[in-house]
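S.K.: Coordinates for the following, if possible.
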Amino acid sequence: MKFCTFRQQGEEQVGLVSADEQTVFALKELDASITKMEELIENYSSLKEKLEKQADQLTPIPIDRVELLAPIPQPKHDLLCVGLNYRLHALESAKFAGREYQAPKHPVYFSKRVNRAVGPNGTIQAHGDVTEKLDYEVELAVIIGKKCSKLSPDEVFDAIFGYTVGNDVSARDIQSAYGQFMFGKGLDDFAPLGPWIVTKDELSQPPHLNLKTYVNGELRQDSNTSDLIFDLPYMISELSQGMTLEPGDILLTGTPAGVGMGFQPPKFLQAGDEVICEIEGIGQLKNTIS
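M.R.: Below is the predicted model:
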């Protein structure tokens, strides 16, 4: 199933997206207590059967008549992120930083501040007053489905609700100047997510999905999640050893090669640019730099 958050007539709602992605059904018709995505995730096991039996009784709304928002517009916690998790991206990052590449022994974890996530077709503020090196990063975003800790790798997929597309927008000059990721990746609008969440049963375990990024129609990133250095069971199990994960928590799993800083000369984003991040089996996340 695919679930979205949308706005219609000023009201934010949670919706079920039709298989052909042309229609959305407001879940408040099925259960009035489901007002935000986290509530759906927490109650999904009990709602799933009702959805399967009664979805055809809900009122269809053409998807082009609603405004799609980020699936989780205001995450309860900062996003959990993993850097340098595709080998070729780690190589291009080392080259940009002027250092020798060394294969990581451990994942590079960091958090990404997000006041409100940008949704599909939303705008990303360029922050031209503080950065001149704005960059994109397509990433598979994992949505945690239940409260859990100290998971074994074999238990990880049972704890996942689903997946969406993320764009880990980054200010490379701030990253370089401060020597850490938090500030350069945590500016307002730097967490686009969408267009919806695809439940885990729709994809293979682990998901082997093609990822692509287009900037103004030019293909920049083109890879597959099978190239992750550290896979989902490893990362989520490791994080859960010391962190309690909760329904609606989001993990960005890393980006492949082809980011703007990897080109010679670099191809950083400018106001007016259109960025499309696409993941096979999930959809496209399209945003404009403003």
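
S.K.: Looking at this structure, which residue reaches furthest from the middle?
M.R.: Gln57 (30.7 Å; CA atoms, centre = their mean).

S.K.: Tell me which residue lies nearest the centroid of the chain.
M.R.: Closest residue to the average C-alpha location of the chain: Gly166 at 2.6 Å, with CA atoms, centre = their mean.

S.K.: quick one: that residue is in a strand?
M.R.: Yes. Gly166: assigned to a strand according to DSSP: H, G, I helix; E, B strand; the rest coil.

S.K.: what's the residue farthest from the centre of the chain in contact with, if anything?
M.R.: Counting by CB atoms under 8 Å, 6 or more residues apart in numbering, Gln57 touches no other residue. For the C-beta atoms, the positions are set from N, CA and C on the backbone; glycine is no exception.

S.K.: pLDDT score for it?
M.R.: If you check Gln57, the pLDDT there is 91.

S.K.: separation between it and Thr164?
M.R.: As judged by CB to CB, to the nearest Å, Gln57 and Thr164 stand 27 Å apart.

S.K.: which residues in the stretch 101-250 of the chain form strands?
M.R.: All strands of the stretch 101-250 of the chain, identified by DSSP state E, counting those that start in this stretch, fall at 108-112, 123-124, 134-135, 138-144, 160-167, 170-171, 193-199, 210-215, 218-224, 250-252.

S.K.: Please identify which of these is closest to Thr244.
M.R.: When the strands of the stretch 101-250 of the chain are compared by CB to CB, strand 138-144 sits nearest Thr244, at 10.3 Å.

S.K.: Direction included, what does the closest one pair against?
M.R.: strand 160-167 (antiparallel), strand 250-252 (antiparallel) (DSSP bridges).

S.K.: So Cys81 sits against Val114, correct?
M.R.: No. Here Cys81 lies out of contact with Val114, judged by CB atoms under 8 Å, at a distance of 10.7 Å.

S.K.: neighbour count winner among those two?
M.R.: Cys81 (28 against 25; other CB atoms under 10 Å).

S.K.: by contact count, what packs against the helix or strand where that one lies?
M.R.: Assigned by DSSP states H and E, Cys81 belongs to strand 79-83. Packing contacts for strand 79-83, counted by 3 or more CB pairs under 8 Å, 6 or more residues apart in numbering; DSSP states H and E, involve strand 108-112, strand 250-252.

S.K.: Which strands border the longest one, and is each parallel or antiparallel?
M.R.: Spelled out, it's strand 108-112. If you go by DSSP bridges, strand 108-112 pairs up with strand 79-83 (antiparallel).

S.K.: for the partner strand, the distance to its chain's centre please.
M.R.: 10 Å (CA atoms, centre = their mean, to the nearest Å).

S.K.: What mean pLDDT does it get?
M.R.: What strand 79-83 shows for mean pLDDT is 96.

S.K.: got the contact list for that strand?
M.R.: Here strand 79-83 has contacts from 107-112, 114, 141, 166, 168, 181, 185, 191, 230, 235, 239, 249-254, using CB under 8 Å, 6+ apart.

S.K.: ok, then the element right after the helix or strand hosting Val275?
M.R.: According to DSSP H and E, Val275 maps onto strand 274-279. Going down the chain from strand 274-279, the next helix or strand is strand 283-289, by DSSP H and E.

S.K.: Show the contacting residues for the residue nearest to Asp168 when sequence neighbours are not counted.
M.R.: Spatially, and ignoring its direct neighbours in sequence, Asp168 is nearest to Glu137 (3.9 Å; CB to CB, 6 or more residues apart in numbering). Contacts here follow CB under 8 Å, 6+ apart; on that basis Glu137 touches Asn167, Asp168, Val169, Ser170, Thr213, Thr255, Val259.
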